[in-house]
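Colleague: 3D model of this:
(chains A and B)
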There are 2 protein chains.
Amino acid sequence: MRQVLQLLRIPSAIARPTTFNCARRITPHPRTFASTPIAYKFVVPQRKEQPVMAPTATTKTGEPFDKAALESLMRRRLFYTPAFEIYGGVSGLFDYGPPGCALQANIIDLWRKHFVLEEDMLEVDCTMLTPHEVLKTSGHVDKFADWMCKDPKTGEIFRADHLVEEVLESRLKGDKEARGQKVEEKEDPKKKKKKVKDIQAVKLDDAVVQEYEEILAKIDNYDGAELGQLIVKYNIKNPATGGELLPPVSFNLMFQTSIGPSSNMPGYLRPETAQGQFLTFQKLLEFNQQQMPFASASIGKSFRNEISPRAGLLRVREFLMAEIEHFVDPEGGKKHPRFHEVKDVKLELLNRDVQLSGKTEVASTPIGEAVEKGIVDNETLGYFLARIQLFLLKIGADPKKIRFRQHMANEMAHYAADCWDAELHTSSGWIECVGCADRSAYDLTVHMNKTGAPLLVREKRAEPLKVEEWQVDIEKKKFGPKFKKDGKTVEAAVEALSQELREKLSLDLQNTGKITIDVPGVGNGKVELDKELVNIEKRTRVENTREYTPNVIEPSFGIGRILYSIIEHNYWVRPGDEEGARGVLSFPPLVAPTKVLLVPLSTHADFAPLVQRLSLKLRKMGISSRVDDSSASIGKRYSRNDELGTPLGITVDFESVQKGTFTLRDRDSTKQVRASEEEIIAAVKNMCEGEESWAEVSKRLPIFEGQQLE
Amino acid sequence: MRQVLQLLRIPSAIARPTTFNCARRITPHPRTFASTPIAYKFVVPQRKEQPVMAPTATTKTGEPFDKAALESLMRRRLFYTPAFEIYGGVSGLFDYGPPGCALQANIIDLWRKHFVLEEDMLEVDCTMLTPHEVLKTSGHVDKFADWMCKDPKTGEIFRADHLVEEVLESRLKGDKEARGQKVEEKEDPKKKKKKVKDIQAVKLDDAVVQEYEEILAKIDNYDGAELGQLIVKYNIKNPATGGELLPPVSFNLMFQTSIGPSSNMPGYLRPETAQGQFLTFQKLLEFNQQQMPFASASIGKSFRNEISPRAGLLRVREFLMAEIEHFVDPEGGKKHPRFHEVKDVKLELLNRDVQLSGKTEVASTPIGEAVEKGIVDNETLGYFLARIQLFLLKIGADPKKIRFRQHMANEMAHYAADCWDAELHTSSGWIECVGCADRSAYDLTVHMNKTGAPLLVREKRAEPLKVEEWQVDIEKKKFGPKFKKDGKTVEAAVEALSQELREKLSLDLQNTGKITIDVPGVGNGKVELDKELVNIEKRTRVENTREYTPNVIEPSFGIGRILYSIIEHNYWVRPGDEEGARGVLSFPPLVAPTKVLLVPLSTHADFAPLVQRLSLKLRKMGISSRVDDSSASIGKRYSRNDELGTPLGITVDFESVQKGTFTLRDRDSTKQVRASEEEIIAAVKNMCEGEESWAEVSKRLPIFEGQQLE
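Modeller: So this is what the prediction gives:
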């Protein structure tokens, strides 16, 4: 068998933290900071043992997962569809059809209730267009980039790290085959593959195999020059043509544009909603009547100009984010007043130490214990991790497919105190869907330094703070005449003197009646001052106000990734009958795009007014329903409904007309009950609001087995 | 008194249709289409008498409107704020703070219920990034532009039509002053003005005055060359410096960017959400099980790179739109099945004929009558106009400040059947907030022609259609040998023959045994065919399927403009007490950002648990509340609440602790009632759901006059 090389294969890349689509942060490699020793890079072991191949995915019912079947369902039922398809499509851009749009709206609605309303967060809606200067300060202009290689002959462009990864993995596969070992084939054979130059099964030296494996383990850590060296050293070419590639160049992932008619205001589409929230901090604090802590929140689209997006909704160029910036006093251990409410929530934690030891075993730990033991840095961070899990469960995530992975020290931004990703397991492996970072005071600090705006909290101290310090008094009247134009410079130099120096100088002044200080740019750089000009004394200063820059805990949700994962978690196949196996999406009623399908038995004229009445009643209760009065069989209509994830169905038949009773069908069991209109509507309301389950309803209302619907 | 020239003054411009921010269409001037006589431009009189000065605005209570006071309130209460303000701001970009964000979310929620859910519309969420080709086909690349003039010395850029308008209006003002007439000063004197070169009061010739007025009346109709001629002829310069300007050049109003790493896929940020809906038509029709008519809907941001945006939320570069595309069969008069439900709704119509006669008087007309008389083109369009008005009233628009203005023939796109704008009156004059156009089959047709995708409806005919026609049979076997490589060309020429020609040729064939047809490019352009090669006969063809391109009725809402207008319509000032006059925003409870303010009388520890219990109860009922437990006086806290537009307030005092009763305060009257927790909560629920009014509540619950809160 010959090897087929998959270029830029996504799954293994997605499992990596720095490629998080929806909340990618500038996580500069440590060695880009002069203070960090270059050797650091090699000191921290990588998650080498983490399976490169994704674990096998299963459906909700534990059967093997057939991705092609789900994709066909998504398309057939218009959950989402490639954008601009009739124009040939644009990779990485998707449109949501009616069910996808409703599912997204329901997830967002629950998010707003679960986070924003529950905690009185201050929701803001900031613009996507962002001027260059803001993103220069935040670091995105310089660091929000990937490395790309161009084939000068074909014009093809490759993401450099993905290319090296694909080629080396492919060679390792070829080696395994040559050694007669079984090769796991993880790509879906039905998927259309890029035509690539075949690579033969070639046995490699043992030493080469080890080298490749080491490179793959730390593929995220190479910069452009290093990737270029790997490409040369291992003779990596355009896999499709064998053509030489140009050295990697940096490609900024922001979409650039120009604001206004002149070209002097370059701007970008925001890569995250966070910056708008940071810039508004001062006004939000004022709006919150100066009370700390508080959180802002924002729901909106962000953009990322992926070099070569594939993998459906998991790696896209335009995506919906929901972000929280919780501002907290850095002093006092970042306690959270409601932490006790969640302390017993158990999370599957994959912490840094476990990863360092080369393992991926998670430990089910109550968050209270995790914070107490220092596994999670502080209460506020821990509180949000637990709340994130509760949210994911509420919208239908499979509890067995949720884990929290801590960032390795070298994955995190240098300023971050701690960072955990909520990952959901899908057929593409573990996908980071929510990032939750303690970003310290970084963001507010850089914007304050750049603009001078006071992005800080001023707080009256309960007890005035007494500070003993050396103070320098300047005899300003004599300074002017003596130093003339240099007066201000000398004054500034005096005021900049450290406490230690002041103490030392006070002795000089006492002993010699004069001091000498450094004032660069004035005379020979040294200035002499005598007792007539300055006085230095130790005094006690009383501070009534405390000033501090809040730290920020940032839970950041990629809604598209969550939506896709929830779809996979709730997908299963009902064993076939004469019409074959049929897909079912068992969404919880809260998030289901439509709650109730209304089905008249036939197109008989007597049914229409009843259907209309039910529809109106449900609408008034805020329960979304749809009527399917097509001529298809009831079974076929319910089958369509199951694929759309509609949890309940009401059939209108002749007994409805004669006796006023209706059947209510449960999507998951296909069981039915029959009762009066009033009882049926009440049961629907209870189930949609989560007050009652189908099991309960089917116990108290008479089971109906009259129709053969399935 | 010297004249101050306002550059690019907005109000009069906003009142013009082609400048509609949120739903601007390519409305090419008729003369850009060869088939329209050039003289047409001058045949259609302009809305000359329409007041250039906006009518005086009033508050909700009919007092003179103080814009500066409202703007200060908006800022103080963080409804919205200039984006990137700490970086100096970017004109035309605004962030919504918590109350603005909640107001917007409530308007959108009501919009979705009023339109999407009420009529089972298919909501979609399409991408903002749009490739060049799509917008080339739609016409935006070529036509979605304004003309701009640059001052080469200062680098300043002016929108050409605004510049001409401002300068001529300013000269007319100077003339009036020189003639000793009173000049209406409409600009807010508190507003910061651009520093401009003063223009003296100079009397003009009567003929010149008339010329200026004629130009101003048709200022929207000039193209770049004509604007350039006006600038030269009337010696129009940079008003600030007197400097010469370069001739007008076209400036496309779309934000351009590049999709992907190579620069070969130029793209734009969408100028409207409509295109995504048109491109998905085929899939939506399939999703709707081929049933017509149906509507799609979309809510999302769109973008417009304004040359020089001013006027706050009324002219911005990034804005939220809500658009409906209602697809309807062009045959059968575009009836609407629910038209009878709205036929008695009275609209203030300013139709084309009235405008042609130079008037602006509106006629209050039931929509049923307007459609019957042909004032409004068809039922479906009329249905939406009525539904738009009902929506605007529901969210709190002042009925006296709503009108519907029909587009003039030369304002509309050439393909449009009819178009009406819902305009709301504000301190900037009549603002178009919703456009409602019958766009015929234009959009689907151009995209189908470009891509070949079948954006049409195929419908089984109830009765098969019998068509009598002349058919030509070609003896293909003999065609090849005779014409060789020209065979296909000759065949195509035969098939392209018109019915008239076929009838004539059938006689030739009968009489002479041969025919001669034109086949350009083959031989001498004439080809002779005999009976051996072709046969022509009259036959009856039966069509079982009908194919048609649906027409589209498009109601398009600019949410930001609506939001701002609703704020103005609900703003008033409560006469002053010792603390001075205070602003109130009397939003209906349905759209109010927060429904209930919870106010503990003091910081006494006994109050906190009661406040918390109320807060939780309200939250469970989906009613948003906020607690104000600051140390400010109750009066001050309610005053803040009035500025935020919160309709209800509950005070927790010692009687609440002792007897379990609470006072409930009405924002508008400042009256209070006192009752048990249960009764108060029930009253709040009723009022928030629109089931009961304050007048009713205050009749059945005991009035409370104990506290002096105001």
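
Colleague: pLDDT score for A:Glu475?
Modeller: You'll see A:Glu475 listed with a pLDDT of 87.

Colleague: likewise A:Pro51?
Modeller: According to the prediction, A:Pro51 has pLDDT 39.

Colleague: Could you do A:Asp220 as well?
Modeller: Model confidence at A:Asp220, expressed as pLDDT, equals 75.

Colleague: Can you verify it is assigned to a strand?
Modeller: No: secondary structure assignment (DSSP: H, G, I helix; E, B strand; the rest coil) places A:Asp220 in helix, not in a strand.

Colleague: Tell me how far it lies from A:Trp420.
Modeller: A:Asp220 sits 18 Å away from A:Trp420 when distances are taken as Cβ to Cβ, to the nearest Å. Every C-beta, even on glycine, is put in place using the N, C-alpha and C of the backbone.

Colleague: So which of those two has more stuff around it?
Modeller: A:Trp420 (31 against 19; other Cβ atoms under 10 Å in any protein chain shown).

Colleague: That one belongs to a strand, doesn't it?
Modeller: Yes: when three-state DSSP is applied, A:Trp420 is found to be in a strand.

Colleague: list the contacts for it?
Modeller: A:349, A:376, A:381, A:385, A:404-407, A:435-437 (Cβ atoms under 8 Å, 6 or more residues apart in numbering or on different chains).

Colleague: Just list the residues touching the closest residue to chain B within the stretch 551-700 of chain A, thanks.
Modeller: Nearest residue of the stretch 551-700 of chain A to chain B, counting by Cβ to the nearest Cβ: A:Ser630, 5.4 Å away. Counting by Cβ under 8 Å, 6+ apart, A:Ser630 touches A:637, B:289.

Colleague: which SS state does it fall under?
Modeller: coil.

Colleague: Off-centre distance for the strand or helix carrying A:Ala682?
Modeller: With elements taken from DSSP states H and E, the one containing A:Ala682 is helix A:677-688. With Cα atoms, centre = their mean, to the nearest Å as the basis, the distance from the averaged C-alpha position of helix A:677-688 to the chain average is 37 Å.

Colleague: can you list contacts of that helix?
Modeller: Counting by Cβ under 8 Å, 6+ apart, the neighbours of helix A:677-688 from elsewhere in the structure are A:589-590, A:595-596, A:614, A:617-618, A:621, A:623, A:647-648, A:650, A:660-662, A:664, A:673, A:675, A:691-694, A:697, A:701.

Colleague: Now, those residues that are in helices?
Modeller: With helices defined by DSSP state H, the entries of the contacts of helix A:677-688 inside them are A:614, A:617-618, A:694, A:697.

Colleague: Quick check: the farthest pair among the residues you listed?
Modeller: A:Lys617 and A:Trp694 (20.4 Å; Cβ to Cβ).

Colleague: Go ahead and confirm A:Asn238 touches A:Val167.
Modeller: No: with contact defined as Cβ atoms under 8 Å, A:Asn238 does not count as touching A:Val167 (10.1 Å).

Colleague: what lines up beside the longest strand seen in chain A in the sheet?
Modeller: Across chain A, the strand with the greatest residue count (assigned by DSSP state E) is strand A:457-474. Within its sheet, and counting by DSSP bridges, strand A:457-474 is paired with strand A:534-548 (antiparallel).

Colleague: next structured bit after the partner strand?
Modeller: Next helix or strand after strand A:534-548 toward the C-terminus (DSSP H and E): strand A:551-558.

Colleague: so what strands line up beside that following strand?
Modeller: Here strand A:551-558 is paired, per DSSP bridges, with strand A:318-328 (antiparallel), strand A:429-438 (antiparallel).

Colleague: any idea how far the last one is from the chain center?
Modeller: The reference is to strand A:429-438. With Cα atoms, centre = their mean, you get 5 Å for strand A:429-438.

Colleague: And the average pLDDT for the next helix or strand after that strand is what?
Modeller: For strand A:429-438, the following helix or strand on the C-terminal side (DSSP H and E) is helix A:442-451. pLDDT averaged over helix A:442-451 equals 96, rounded to a whole number.

Colleague: helices or strands next to helix A:442-451 in the packing?
Modeller: Based on contacts counted as 3 or more Cβ pairs under 8 Å, 6 or more residues apart in numbering or on different chains; DSSP states H and E, the elements that helix A:442-451 packs against are helix A:132-138, helix A:274-279.

Colleague: Residues touching that helix, excluding its own?
Modeller: A:133-134, A:137-139, A:274-275, A:278-279, A:281, A:413, A:415-416, A:453-456, A:549-550, A:552, B:86-87.
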